[in-house]
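Student: Sequence and predicted structure below; questions after.
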Amino acid sequence: MFKRLVLQDSAALYTIAAFSVAASIFVAVAWRALRMRRAQVDRLGRLPFETATPASQHEPDPESAPD
Amino acid sequence: MPNGKITIEFNDRVVRQFLLATVIWAAVAMLVGVLIAAQLNFWQLNFNTSWLTWSRLRPLHTNAAIFAFVGNMMFAGIYYSTQRLVKARLASDLLSQVHFWGWQAIIVAAAVTLPIGLTRGKEYAELIWPINVMVVVVWVVFAVNFFWTLARRHEPSLYVAIWFYIATIVTVAMLYIVNHLSIPTSLTHSYPVFGGVQDALVQWWYGHNAVAFFLTTPILGIMYYFLPKAAERPIYSYRLSVVHFWSLVFVYIWAGPHHLLNTALPNWLQSLGMTFSLMLWAPSWGGMLNGLLTLRGAWDKVRTDPVLKFFAAGVTFYGMATFEGPLLAIRSVNALAHYTDWIIAHVHVGTLGWNGFMAAGMIYWLLPRLWSKPLHSVSLANLHFWIGLTGILLYVSAMWTSGITQGLMLNETAENGTVLAYPNFLDTLLAVRPMMLMRVVGGGLYLCGWLLLGYNVFRTVRGSRPVDASIEVFAGAAEPEAPKLSFAGSILNPPVVFSAAIFVFACAWMFGGDLMKIAGIVGAMFSLVLAYLHFESRGRRWADWYDRLLVTALPFTVLTLIAVVAGGLIQIIPTLVAGQASNMEDRRQVPYTPLELAGRDLYVSDGCYLCHSQMIRTLVSDVLRYGDYSRLGESIYDHPFQWGSKRNGPDLARVGGKYPNIWHLRHLEDPRSTSAGSNMPSFRWLLSKPADLDALPRKIAVQRSLGVPYPAMTDAQVIGAATAQAKAIVEDLRSAGASVEPDREVVAMIAYLQKLGKYEPVAQRAVAGGPRLGD
């Protein structure tokens, strides 16, 4: 039976089936994402900022870092 | 719940360790890359040594770039961001140190074994089995440390970066273990359990997804954390990041077969690989746009801040690479590009542009924070950016030009497609030599940029004080917005149950007999309708389940694993079941004699497969140049398969019998004596080094256990057969004027090369409908 899957021209159907499955997952996830509450989205989006990190220190100290 | 505050000090020591290891190993990987690029131009740079030969160093370059450079960078980024996103110190300092030192030991072991020719002969999966065991152990340590940290977190929600890390950990584990399944023949040698088409499919399922889940998903997680931090604004669209994650994770895993287009791989798999590769455009570009749009309102900073420069360029390169990848997966484009430098350009857009620039941005951002000292020189960092960017652009434009030029020349025919326009492979090689030289210049510039980063790191770290950051959190875990799921609850719920039912019925439809097919169709349709009705009436329960899933790490991980496993199983199971020697029609490979097997192991050990494919594609130009197209059955006993991925030299699938033995001897000793203008290294040591014939009985026993139909032979018979064949070859060489001892490696290599393309016809069996498997 697997052999027929490999052989027959109708195997192209499986590509279409796989595409349909993936597309439906894409649509379902997109739908779910769009339905997320604004407050929830904002909170999740700000998670990286809940733990303070020191301010950017890229600018070298002009006295200690010759450039 | 206790309401007192506690202070958590992060384990930033291990982050610093991984960061410094990144800087060092990246330099090594790039240095080796520049050397092997130079060797392609100047064969003398192989120095007539085995361990400095191009084909031994190329795996060192790729493994160092992937596992040493990006691996260390990924671990640094994951450990730094995870602790902060979940507000918890890494669960175990001991595991963190085992992870770090274990990973460095693996890298050192790889750096020693690959140049001395100890390899499994599969790209990016070359490491010998004891090192692979170490990889698995260290990866498990990493996973335990990571998930244990999640279990102790003080932030209930899992930010999208954590999702990408989870997908990385589970998927890489699955891919690595399956593709490295081997049976040892000694402490340093093994044969993969898969052979021929099975091995090809598993290898590129792994190879493609190593790119996806080692070089992409963790870096995307890093992007989703570090880019907002550097730009000081949240990600452009969190909703888009959710879609990006799920669609990427689900789609990526299916695309592996695009590495085998126009080969003997069954058509349906090629179509599947192409279709899903094209679908990757959507999530990849969604992610890229999400990254770039995060910089909205901060573009003025890009002008002065090297961190944002690197991030902006890195994300742009991600967009370029993920546009180019699906393009190359279109069969007709692939017919031109595959086996040429275009693919090498594509890979380097991803590795140097996406991974390399994201790594540089992350390092420049982390340095002042981990060592509590301003970056030594912003100007040097900016200089690094411009030198690196120039280097990449030179490199990839040279390789694009080279690849397209060589592809066009190799495929061009004349006289109505009956003869090749450029029958001599070397003509196509000589035509791209200037581009190969430009590649060295581009790679050299990129390396110089990285050395500037190394100098900047050194000057910043020297005399500084390492600091471990800390935060205050409320003792005890915070209450999640949605209650957590129990493990059973995550499985026994409407979305999962209906999905599972549809999947099972669909399998019955596709793979079942007549009655099963009908039951499958009816069952799948019925489940679909039922799911829709349930969703319409109880949609809130579906949404609740999803919300709860996102705050519960273990079920989330399991479902992510299921999402990636599904794509793999659907490709691999039919191929494993159908792609066996007993099912081959038309042609079947003749197993190698003991001496030929010894020669094949040398061919693998010396990395010949890195320049010479053994797969004549179903293309007119391939057939005109190399002979009849390759059938599935003709490599069915090859453990590992040797279809190759790049042609720096011609295909060898049918080289057996094309030249006399003496030609091969002269060619291996000095390639330019037979092929003027060749850039192939000399393999002179094959003439002086004795072949390891004593290992053959054990190797043949393992081959038999893998299904290769060797007759039962005693050890003496195996050695005797090898010796007798060697003497016959030596006698032939002597009659042609060359003197070689019969026990030398070159004799075994010649025996193997002369076997290539030999097959036995298979009696046709009546198969109702459809073409034959071997076609």
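Tutor: Received the coordinates, thanks.
Student: Walking through chain A, point out its strands one by one.
Tutor: Using DSSP state E, chain A contains no strands.
Student: quick one: the helices in it?
Tutor: All helices of chain A, identified by DSSP state H, fall at A:2-7, A:12-34, A:38-45.
Student: Most tightly packed of those helices?
Tutor: helix A:2-7 (a mean of 19; mean count of other CB atoms under 10 Å in any protein chain shown). The way it works is simple: take the backbone N, C-alpha and C, and place the C-beta from them, glycine included.
Student: out of the helices of chain A, which comes closest to B:Val702?
Tutor: Smallest distance to B:Val702 across the helices of chain A (CB to CB): 26.5 Å, for helix A:2-7.
Student: hmm, back to that, Throw the helices of chain A into JSON lines and include mean pLDDT and distance to B:Ala508, thanks.
Tutor: Output for the helices of chain A, formatted as JSON lines (pLDDT from 0 to 100; distance: least, CB to CB, whole Å):
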{"stretch": "helix A:2-7", "mean pLDDT": "50", "distance to B:Ala508": "13"}
{"stretch": "helix A:12-34", "mean pLDDT": "79", "distance to B:Ala508": "13"}
{"stretch": "helix A:38-45", "mean pLDDT": "90", "distance to B:Ala508": "39"}
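Student: is it possible to export the ones you listed to JSON lines including distance to B:Gly649?
Tutor: Conversion of the helices of chain A to JSON lines gives the following (distance: least, CB to CB, whole Å):
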{"stretch": "helix A:2-7", "distance to B:Gly649": "32"}
{"stretch": "helix A:12-34", "distance to B:Gly649": "34"}
{"stretch": "helix A:38-45", "distance to B:Gly649": "52"}
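Student: now those in JSON lines, with distance to chain B?
Tutor: As requested, the helices of chain A are exported to JSON lines (distance: least, CB to the nearest CB, whole Å):
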{"stretch": "helix A:2-7", "distance to chain B": "4"}
{"stretch": "helix A:12-34", "distance to chain B": "4"}
{"stretch": "helix A:38-45", "distance to chain B": "4"}
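Student: where are the low-confidence patches of chain B?
Tutor: Scanning chain B for pLDDT under 70 picks out the ranges B:1-3, B:476-485, B:487, B:490, B:579, B:764-775.
Student: Can you give the domain ranges for it?
Tutor: B:5-462, B:487-583, B:587-761 (automatic domain parsing).
Student: Of the ones you listed, which stretch is the most buried?
Tutor: domain B:5-462 (a mean of 21).
Student: tell me how far the ends of that one are from each other?
Tutor: One end of domain B:5-462 sits 35 Å from the other (CA to CA, to the nearest Å).
Student: and it, how far from the chain's centre?
Tutor: Relative to its chain's centre, domain B:5-462 lies at 9 Å (CA atoms, centre = their mean, to the nearest Å).
Student: Can I get the domains of chain B in CSV including distance to chain A?
Tutor: Shown next, in CSV, are the domains of chain B (distance: least, CB to the nearest CB, whole Å):
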stretch, distance to chain A
domain B:5-462, 4
domain B:487-583, 4
domain B:587-761, 9
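Student: Only alpha carbons, please: show stretch B:672-684 as PDB.
Tutor: Presented in PDB, the C-alpha positions along stretch B:672-684 are these (Å, rounded to 0.1, in the frame of the first residue of the first chain):
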ATOM      1  CA  ARG B 672      46.700  18.000 -12.900                       C
ATOM      2  CA  SER B 673      48.600  15.200 -14.700                       C
ATOM      3  CA  THR B 674      45.300  13.900 -16.100                       C
ATOM      4  CA  SER B 675      43.100  17.000 -15.800                       C
ATOM      5  CA  ALA B 676      44.900  20.200 -16.700                       C
ATOM      6  CA  GLY B 677      43.600  23.200 -14.700                       C
ATOM      7  CA  SER B 678      42.000  21.000 -12.000                       C
ATOM      8  CA  ASN B 679      41.900  22.500  -8.500                       C
ATOM      9  CA  MET B 680      41.500  19.100  -6.800                       C
ATOM     10  CA  PRO B 681      44.000  18.400  -4.000                       C
ATOM     11  CA  SER B 682      46.600  15.700  -4.400                       C
ATOM     12  CA  PHE B 683      45.700  12.500  -2.500                       C
ATOM     13  CA  ARG B 684      49.300  11.300  -2.600                       C
END
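Student: ok, the closest residue to B:Thr113 other than its chain neighbours - contacts?
Tutor: Distances taken as CB to CB, 6 or more residues apart in numbering or on different chains place B:Ile128 nearest to B:Thr113, at 5.9 Å, with adjacent residues excluded. By CB atoms under 8 Å, 6 or more residues apart in numbering or on different chains, the contact set of B:Ile128 is B:Thr113, B:Leu118, B:Thr119, B:Arg120, B:Thr188, B:His189, B:Ser190.
Student: B:Leu367 reaches B:Leu375, doesn't it?
Tutor: Yes. Between B:Leu367 and B:Leu375 there is a contact at 5.7 Å, judged by CB atoms under 8 Å.
Student: Now B:Tyr659: phi and psi?
Tutor: phi -120, psi 160 (degrees, to the nearest 10).
Student: From B:Leu652, how far out is it?
Tutor: Between B:Tyr659 and B:Leu652 the distance is 11 Å, computed by CB to CB, to the nearest Å.
Student: closest to B:Tyr252 out of the helices of chain A?
Tutor: Nearest of the helices of chain A (CB to CB): helix A:12-34, 10.6 Å.
Student: and that closest one with helix A:38-45, angle?
Tutor: For helix A:12-34 against helix A:38-45, the angle by axes from the mean of the first three to the mean of the last three CA atoms, to 10 degrees is 100 degrees.
Student: which secondary structure elements does helix A:12-34 contact?
Tutor: With contacts defined as 3 or more CB pairs under 8 Å, 6 or more residues apart in numbering or on different chains; DSSP states H and E, helix A:12-34 has these neighbours: helix B:238-252, helix B:267-279, helix B:494-511.
Student: rerun that using 10 Å as the cut-off
Tutor: helix B:238-252, helix B:267-279, helix B:281-293, helix B:494-511, helix B:514-549, helix B:553-578 (3 or more CB pairs under 10 Å, 6 or more residues apart in numbering or on different chains; DSSP states H and E).
Student: could you dump these to CSV with distance to B:Gly33?
Tutor: Below are the helices and strands packed on helix A:12-34 laid out as CSV (distance: least, CB to CB, whole Å):
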stretch, distance to B:Gly33
helix B:238-252, 26
helix B:267-279, 26
helix B:281-293, 25
helix B:494-511, 43
helix B:514-549, 42
helix B:553-578, 30
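Student: Which of the ones you listed sits closest to B:Thr723?
Tutor: Closest among those, using CB to CB: helix B:553-578, at 36.8 Å.
Student: helix or strand for the closest residue to B:Lys755 other than its chain neighbours, which one?
Tutor: Nearest non-adjacent residue to B:Lys755, counting by CB to CB, 6+ apart: B:Glu596, 4.7 Å away. Secondary-structure assignment from DSSP states H and E places B:Glu596 in helix B:594-605.
Student: could you dump that helix to CSV, C-alpha only?
Tutor: Provided in CSV are the C-alpha atoms of helix B:594-605 (Å, rounded to 0.1, in the frame of the first residue of the first chain):
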residue,chain,number,x,y,z
PRO,B,594,35.3,-6.3,0.6
LEU,B,595,38.1,-4.3,-1.1
GLU,B,596,35.5,-1.9,-2.7
LEU,B,597,33.9,-1.4,0.7
ALA,B,598,37.3,-0.5,2.1
GLY,B,599,37.8,1.9,-0.7
ARG,B,600,34.3,3.4,-0.1
ASP,B,601,35.1,4.1,3.5
LEU,B,602,38.3,5.9,2.4
TYR,B,603,36.2,7.9,-0.1
VAL,B,604,33.9,8.9,2.8
SER,B,605,36.8,9.5,5.2
